[in-house]
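Chemist: I'd like to go over a predicted model; first the sequence, then the structure.
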Amino acid sequence: MTRVLGIEGTAWCASAAVYDTEREDVFIASDAYQPESGGIHPREAAEHMREAIPEVIAEAMAYIRKEYDGQIDAVAFSRGPGLGPCLRIVATAARALAGARDVPLVGVNHMVAHLEIGRHLSGFDSPVCLNASGANAHLLGFRNGRYRVIGETMDTGVGNAIDKFTRHLDWAHPGGPKVEAAAEDGEYIDLPYVVKGMDFSFSGIMSAAKQAVDEGERVEDVCFSLQENIFGMLTEVSERALSLTDADELVLGGGVGQNARLREMLETMCAERGADFFAPPGRFLRDNAGMIAVLGARMYEAGDTIAIEESQVDPDFRPDQVPVTWRANEAVGRTGETTEIRGAEALVQLGDDVEKERLPKAYRHPELDARLRKERTASEARLTSEARHHGVPTPTIRDVDLDESVLGFEYVGTADLREELTEARVRDVGRHLARLHEAGLVHGDPTPRNARVAPERTYLIDFGLGYFSKDVEDYAMDLHVFGEALAGTADDADSLQKAFEAAYAEEGDERVVAQLREVEGRGRYQ
């Protein structure tokens, strides 16, 4: 039996919780900061945290005295990511409690806690996790003792993006529930939809939404379309992550996960794939100390505690920096080659040739879905042929039916690249991408599932997210997407990444690799 006091305070919610492993009981006390106008102000949030943390801890301690005679085994606290001033207040309180009670201290990554509470409550074994919170939006999968980021926002967190739009309307924080309410009376209008491989972007749609309101579009229609596009992007990339890793379980974490439309989309997508989906109750989706206490208990039982003098907070604490000591290093299963393959967005029939049909997605708005299927089918046909013209091995296009979103291809290779992830093969991909970029083409989704291997050749396939560009940033994003996919599928991802980049540099523009370093150095990838 383990009993842990958890403390959370990464941004706006001061919270303390008690978790007992024998009773499976979680008590949570919370006090959320509500700004009078606009978004969260770091100074005001810290002032709230300074006043509220002692109060919620006192409430939790009263519960411990009543139910457990005042006995605890450890104190867990959120080390990050979050607002530095808030994190430091929480850490100070946790250190003081652990010292006064002479119990170990456990430092918890807030985003990993969002994942683990879903895994704990669902009973899932090795799910992919979508974290959709204010400051974050990413997909995580477990491999080689860590949670790997296999897809994430290229600019801002999903909740922050929505809040930026609602501040434009002078709506008070938090904006998400207000957008959800307004969307109930809305109709669809066209807004940007940006998915790049395993990543997504919200900046363009936020600017377009503000402009639409300023130009007289009904606020309800803009809110409706914001939800349809933003949550459609998150659901699509979640499906890509399931397809990439062959996982059949998805859990949702983060405060934005309270949105009913997002949960509906994810549930529909998983049902279509035959995957299991779980969203925790609302009190475990929004920021809360319950998840800190639950993960803290697992870490404590694994001996993963931290000395007080080493318990500094980290406002940029990424989930993939955390050694996962509390679970076995199991690997996600792999499926072999069959005559029918269901990918992230298409059904592929294998015979003498290949027929690829982009299936309607029931989770997406019909108008948006029809547009994307047609655009991506046309793009794949055009760019597959263009790449082949420039010397990149691709299958020959046999047939194109844009009305039905169906393509016919030459059958190439004997397996996906992920079944033969060797240095020689990833070097092939590096050279192929260098040649593509030299011709002004961007693949858009270069993952081990989108390359095929033959005894003497490696092919690139699935150019549905591709486009023409002369921007070094776009080329660097191709390299970044491939690196993310390696992290989620390869046992020796670091050495393969080095071989891939070296091969690219031999044939490609050295500015692209330099830009990749710049991309990785930005705050969102730290």
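Modeler: Okay, I see it. A quick note: this is a predicted structure, and the numbers were derived from the prediction, not measured.
Chemist: And the average pLDDT for the helix or strand harbouring Glu473 is what?
Modeler: Using DSSP states H and E, Glu473 sits within helix 472-489. Mean pLDDT, taken over the full extent of helix 472-489, equals 93.
Chemist: for stretch 377-394, same thing?
Modeler: Mean pLDDT, stretch 377-394: 97.
Chemist: Pull out the buried positions in it.
Modeler: Neighbour-count burial for stretch 377-394, counted by 16 or more other CB atoms under 10 Å, picks out 377, 379-384, 386-388, 392-394. C-betas here are computed from N, CA, C, even on glycine.
Chemist: Pipe those into JSON lines and attach secondary structure and distance to His41 per row.
Modeler: Shown next, in JSON lines, are the buried residues of stretch 377-394 (DSSP: H, G, I helix; E, B strand; the rest coil; distance: CB to CB, whole Å):
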{"residue": "Thr377", "secondary structure": "helix", "distance to His41": "47"}
{"residue": "Ser379", "secondary structure": "helix", "distance to His41": "43"}
{"residue": "Glu380", "secondary structure": "helix", "distance to His41": "46"}
{"residue": "Ala381", "secondary structure": "helix", "distance to His41": "51"}
{"residue": "Arg382", "secondary structure": "helix", "distance to His41": "49"}
{"residue": "Leu383", "secondary structure": "helix", "distance to His41": "46"}
{"residue": "Thr384", "secondary structure": "helix", "distance to His41": "50"}
{"residue": "Glu386", "secondary structure": "helix", "distance to His41": "50"}
{"residue": "Ala387", "secondary structure": "helix", "distance to His41": "49"}
{"residue": "Arg388", "secondary structure": "helix", "distance to His41": "54"}
{"residue": "Val392", "secondary structure": "coil", "distance to His41": "51"}
{"residue": "Pro393", "secondary structure": "coil", "distance to His41": "54"}
{"residue": "Thr394", "secondary structure": "coil", "distance to His41": "52"}
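Chemist: which residues are in contact with the helix-or-strand element of the chain with minimal mean pLDDT?
Modeler: In the chain, the helix or strand scored least confidently by mean pLDDT, DSSP states H and E is strand 340-342, which has a mean of 77. Residues from elsewhere that reach strand 340-342 (CB atoms under 8 Å, 6 or more residues apart in numbering): 243, 273, 347-350.
Chemist: List the buried residues for the helix holding Glu473?
Modeler: Buried residues in helix 472-489, counted by 16+ other CB under 10 Å: 472, 474-489.
Chemist: In the buried residues of stretch 377-394, find the pair that's most separated.
Modeler: Spatial extent of the buried residues of stretch 377-394 (CB to CB) is set by the pair Thr377 and Pro393 at 21.2 Å.
Chemist: just to revisit the earlier point, let's have the buried residues of stretch 377-394 in TSV, adding distance to Ala439.
Modeler: Converted to TSV, those look like this (distance: CB to CB, whole Å):
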residue	distance to Ala439
Thr377	21
Ser379	15
Glu380	16
Ala381	17
Arg382	13
Leu383	10
Thr384	13
Glu386	7
Ala387	8
Arg388	11
Val392	8
Pro393	14
Thr394	12
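Chemist: which one among the residues you listed gets closest to Phe409?
Modeler: Among the buried residues of stretch 377-394, Thr384 lies closest to Phe409 (CB to CB), at 7.9 Å.
Chemist: so what's that closest one up against?
Modeler: If a contact means CB under 8 Å, 6+ apart, then Thr384 has 394-395, 397, 409, 461, 463 as its contacts.
Chemist: now swap in Lys210 and tell me
Modeler: Listed by CB under 8 Å, 6+ apart, the contact partners of Lys210 are 165, 168.
Chemist: any idea which helix or strand carries it?
Modeler: Assessed by DSSP H and E, Lys210 sits inside helix 203-214.
Chemist: Just the CA trace of that helix, in PDB.
Modeler: Provided in PDB are the C-alpha atoms of helix 203-214 (Å, rounded to 0.1, in the frame of the first residue of the first chain):
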ATOM      1  CA  SER A 203      -1.500  30.100 -36.200                       C
ATOM      2  CA  GLY A 204      -3.100  30.300 -39.700                       C
ATOM      3  CA  ILE A 205      -6.500  29.200 -38.600                       C
ATOM      4  CA  MET A 206      -6.500  31.700 -35.700                       C
ATOM      5  CA  SER A 207      -5.600  34.600 -38.000                       C
ATOM      6  CA  ALA A 208      -8.300  33.500 -40.500                       C
ATOM      7  CA  ALA A 209     -10.900  33.200 -37.700                       C
ATOM      8  CA  LYS A 210     -10.200  36.700 -36.400                       C
ATOM      9  CA  GLN A 211     -10.400  38.100 -39.900                       C
ATOM     10  CA  ALA A 212     -13.600  36.300 -40.600                       C
ATOM     11  CA  VAL A 213     -15.300  37.800 -37.600                       C
ATOM     12  CA  ASP A 214     -13.900  41.300 -38.500                       C
END
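Chemist: you'd agree Leu5 is in a strand?
Modeler: Yes: under DSSP: H, G, I helix; E, B strand; the rest coil, Leu5 falls within a strand.
Chemist: count of neighbours near it?
Modeler: Neighbourhood size, Leu5 [other CB atoms under 10 Å]: 30.
Chemist: Could you list everything it pairs with in the sheet?
Modeler: On the basis of DSSP bridges, Leu5 is bridged to Val18, Val75.
Chemist: residues touching it, list them.
Modeler: For Leu5, the contacting residues are 16-18, 57, 60-61, 64, 72, 74-76, 97, 293, by CB under 8 Å, 6+ apart.
Chemist: do the same with Arg101
Modeler: So Arg101 contacts 72, 75 (CB under 8 Å, 6+ apart).
Chemist: and it, what pLDDT?
Modeler: We have a pLDDT of 94 for Arg101.
Chemist: next one: Asn160
Modeler: Asn160 carries a pLDDT value of 89.
Chemist: low pLDDT regions in this structure?
Modeler: By pLDDT under 70, the low-scoring segments of the chain are 36-39, 329-339, 522-526.
Chemist: can you give me the helices for the stretch 251-400 of the chain?
Modeler: Here the stretch 251-400 of the chain has its helices, by DSSP state H, counting those that start in this stretch, at 260-273, 282-285, 289-301, 366-389.
Chemist: So which of the ones you listed is the most surrounded?
Modeler: Sort the helices of the stretch 251-400 of the chain by mean neighbour count, taking mean count of other CB atoms under 10 Å, and helix 289-301 sits at the top with a mean of 28.
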